[in-house]
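> Sharing a sequence plus its predicted fold:
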Amino acid sequence: MTKDRTPIDSRLENLRRLDPDARLEMLAQAVGLSDADRATLAGRDVLPMQLADGMIENVIGKFELPLAVASNFRVNGRDYLIPMVVEEPSVVAAASYMAKIARGCGGFFTSSDQPVMRAQVQILGLTDPQGARHRLLAAQDELRQMCNARDKVLVGLGGGCIGIEVHVFETSAVGAMAVLHILVDVRDAMGANTVNTMAEAIAPRVAEIAGGHTRLRILSNLADRRLARASVTLTPQALSTDTLDGADLIDAMLEAYALAQIDPYRAATHNKGIMNGIDPVVVATGNDWRAIEAGAHAWAARSGRYTSLTTWERGANGALTGTIEMPMALGLVGGATKTHPAAQAALRVLGVTSAQELAEVTVAVGLAQNMAALRALASEGIQKGHMALHARNIAILAGATGAQIETVARAIAAEGRVSVDAAREKLAEL
Ligand SMILES: CC(C)(COP(=O)([O-])OP(=O)([O-])OC[C@H]1O[C@@H](n2cnc3c(N)ncnc32)[C@H](O)[C@@H]1OP(=O)([O-])[O-])[C@@H](O)C(=O)NCCC(=O)NCCSC(=O)C[C@@](C)(O)CC(=O)[O-]
Ligand SMILES: NC(=O)C1=CN([C@@H]2O[C@H](COP(=O)(O)OP(=O)(O)OC[C@H]3O[C@@H](n4cnc5c(N)ncnc54)[C@H](OP(=O)(O)O)[C@@H]3O)[C@@H](O)[C@H]2O)C=CC1
């Protein structure tokens with residue numbers, strides 16, 4: 001799902017060792033950023049108050065979060081630098097680390113469905129719900145045309161309503177109910193406003209055809225017609241380190257994964273780890289992370305039992321193959337993607353040219369993040385890497401500034417005492 005653009009090298013060796021200004025310089029060189037985008041990403045006058053005030057209600061200020069870039073990603077043979085907005089330490093490091101291992105094995109491979117969203121029109125007061133279903137299905141062409149008349153721009157771009165479904169329910173509270181779904185190809189939009197407008201437009205005619213009255217007219221966040229997929233295959237050699245045997249690590253990762261498959265208590269945490277990778281990209285690109293979260297967890301529970309969003313299996317020659325498949329309703333236009341200047345700059349850093357490409361890269365980051373957590377959990381445990389990076393937060397909380405932050409963080413991480421008390425002691429010693 002990629003159009004031609006100048007290839008970049010996402011390796012950016014030593015990026016981690018630079019200060020933020022020098023990192024931005026390196027990124028700018030790598031992706032050819034404009035001066036305006038550089039200023040935006042550096043956080044200078046990113047979101048003018050007038051713009052912020054126009055985005056939501058009762059605005060009183062702006063809330064800043066760190067913006068980082070994950071390096072090393074190769075997806076379908078193309079390198080990407082991944083903008084991530086997140087408050088949690090070790091997430092960006094972990095994604096970059098796994099992408100580094102993966103690129104040695106060819107990187108991630110992805111695919112996705114056409115960007116089709118659903119909206120639901122709820123119909124009540126029906127005497128013959130099955131009859132209503134048949135009448136609505138017979139009127140499919142008329143309803144589709146009514147939808148498409150509401151968005152000529154979308155139709156002009158090759159999108160629009162592609163069909164309908166009708167689901168019938170018997171309820172104890174309000175009797176029989178039919179729910180008409182419109183399926184809309186929303187092209188490069190997330191599509192919520194687009195499909196909601198269509199659903200509201202056709203509701204009176206739907207009520208007439210069905211012989212009842214309509215109530216809800218709203219999109220479904222279970223975007224199961226808009227799935228994105230990624231896979232990665234890692235050889236035991238690629239996973240080996242000085243202290244870890246790759247084949248043993250694969251065994252351990254498969255054991256760890258097995259629990260996420262069968263146990264919702266573990267699956268919730270496993271999937272949180274996946275969203276650690278996905279949400280920061282969603283936020284950085286100005287997309288609706290609540291919609292992505294809702295879709296992800298509804299999809300994970302689709303069988304009736306909440307389970308893992310990824311699969312991990314042993315393939316040929318003992319290699320480990322990971323896959324992810326999940327709804328990914330992301331846009332390049334609409335919502336805040338166009339209004340927030342940093343979101344626009346982030347999309348240019350990514351260099352994606354379609355919503356499908358963005359969705360595919362985003363799920364690849366989710367898969368990388370899951371791989372990082374599984375690798376750490378199956379070997380040294382999560383605290384070693386995570387707490388070592390969290391130690392910088394703790395040092396700041398204890399009052400460290402400037403070069404003290406790194407010194408205190410290193411000292412408390414080395415002692416395995418990542419607490420504010422320990423950091424205060426080290427600070428006093430300094
Ligand atoms: C944290 C690491 C990567 C350290 O791992 P390490 O072995 O100390 O890393 P390293 O120093 O050998 O570096 C290896 C590569 O990692 C990256 N890297 C390493 N450090 C940095 C850094 N400071 N800044 C930027 N990049 C960094 C970087 O790409 C580097 O390569 P290089 O560029 O040097 O050639 C590893 O321990 C790890 O992946 N841990 C897992 C961390 C994780 O999953 N964090 C998520 C938060 S925990 C959570 O919320 C979810 C969870 C875990 O509960 C989910 C679940 O249960 O499934
Ligand atoms: N449950 C949920 O998740 C809900 C989410 N939302 C919010 O809805 C917003 C997203 O809605 P969305 O419909 O994407 O936003 P918009 O309505 O802002 O943008 C979509 C519109 O952009 C125009 N457009 C221009 N270029 C393209 C293109 N290449 N591809 C597709 N459309 C294009 C189209 O027509 P035209 O020019 O005619 O507008 C299209 O209808 C988000 O802010 C989200 O938070 C809202 C309600 C519920």
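Now that the structure is in, tell me what you want to look at. Ligands and ions are numbered 1, 2, ... in the order given.
> so where do the helices sit in the stretch 151-300 of the chain?
152-156, 192-210, 236-239, 246-262, 264-284, 289-300 (DSSP state H, counting those that start in this stretch).
> can you give me the mean pLDDT across the shortest one?
Averaged across helix 236-239, pLDDT comes to 97.
> Hmm, E88 is touching G277, no?
No - when contacts are counted by C-beta atoms under 8 Å, E88 is not listed as touching G277 (10.9 Å). (C-beta placed from N, C-alpha, C; glycine too.)
> just to revisit the earlier point, so which of the helices of the stretch 151-300 of the chain is the most packed in?
helix 264-284 (a mean of 22; mean count of other C-beta atoms under 10 Å).
> could you say what helices and strands that one packs with?
Counting contacts by 3 or more C-beta pairs under 8 Å, 6 or more residues apart in numbering; DSSP states H and E, helix 264-284 is packed against strand 78-85, helix 91-103, helix 246-262, helix 289-300, helix 341-350, helix 355-378.
> Indicate whether the shortest one makes contact with ligand 1.
No - when contact is scored as C-beta under 6 Å from any ligand atom, no part of strand 78-85 falls within range of ligand 1; the minimum is 11.1 Å.
> Output that strand as CSV, restricted to C-alpha atoms.
What follows is strand 78-85, C-alpha atoms only, in CSV (Å, rounded to 0.1, in the frame of the first residue of the first chain):
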residue,chain,number,x,y,z
ARG,A,78,10.8,0.2,3.1
ASP,A,79,12.3,2.1,6.0
TYR,A,80,10.1,4.2,8.3
LEU,A,81,10.9,6.5,11.2
ILE,A,82,8.0,6.3,13.7
PRO,A,83,6.8,9.4,15.5
MET,A,84,5.5,8.4,19.0
VAL,A,85,3.8,10.6,21.6
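> Neighbouring strands of it in the sheet, and parallel or not?
Here strand 78-85 has these sheet partners by DSSP bridges: strand 67-75 (antiparallel).
> average pLDDT across the strand it pairs with?
Rounded mean pLDDT across strand 67-75 is 98.
> what does the stretch 1-150 of the chain have sitting close to ligand 1?
So the stretch 1-150 of the chain meets ligand 1 at R16, N72, E88, S90, V91, A93, A94, S96, Y97, K100 (C-beta under 6 Å from any ligand atom).
> And the fifth one, how far from R205?
Read that as V91. For V91, the distance to R205 (C-beta to C-beta, to the nearest Å) stands at 48 Å.
> Equivalent analysis for the last one, please.
Using C-beta to C-beta, one gets 55 Å for the distance from K100 to R205.
> circling back to that earlier point, ligand 1 is nearest to which of the helices of the stretch 151-300 of the chain?
helix 264-284 (2.7 Å; C-beta to the nearest ligand atom).
> got a list of what the residue in the stretch 101-250 of the chain that ligand 1 sits nearest to touches?
Distances between the stretch 101-250 of the chain and ligand 1 by C-beta to the nearest ligand atom are smallest at T241, namely 7.5 Å. If a contact means C-beta atoms under 8 Å, 6 or more residues apart in numbering, then T241 has no contacts.
> And for M84?
L67, A68, V69, A70, V91, V92, A95, G277, P280, V281, A284, V365.
> For it, which non-adjacent residue is spatially closest?
Leaving aside its sequence neighbours, M84 sits nearest to P280 (C-beta to C-beta, 6 or more residues apart in numbering; 3.5 Å).
> again with R266
Nearest residue to R266 in three dimensions, chain neighbours excluded: L259, at 4.4 Å (C-beta to C-beta, 6+ apart).
> who in the protein is up against ligand 2?
Checking the chain against ligand 2 by C-beta under 6 Å from any ligand atom, the hits are 151, 153-154, 157, 159, 186-194, 196, 219, 221, 288, 291, 331, 333-335.
> of those, list those near ligand 1.
Within those, nothing lies near ligand 1 by C-beta under 6 Å from any ligand atom.
> Could you check the pLDDT of the residue nearest in space to the middle of the chain?
Centrality entry for the chain: nearest residue to the mean C-alpha point is I278, 2.9 Å, by C-alpha atoms, centre = their mean. Note on I278: pLDDT of 99.
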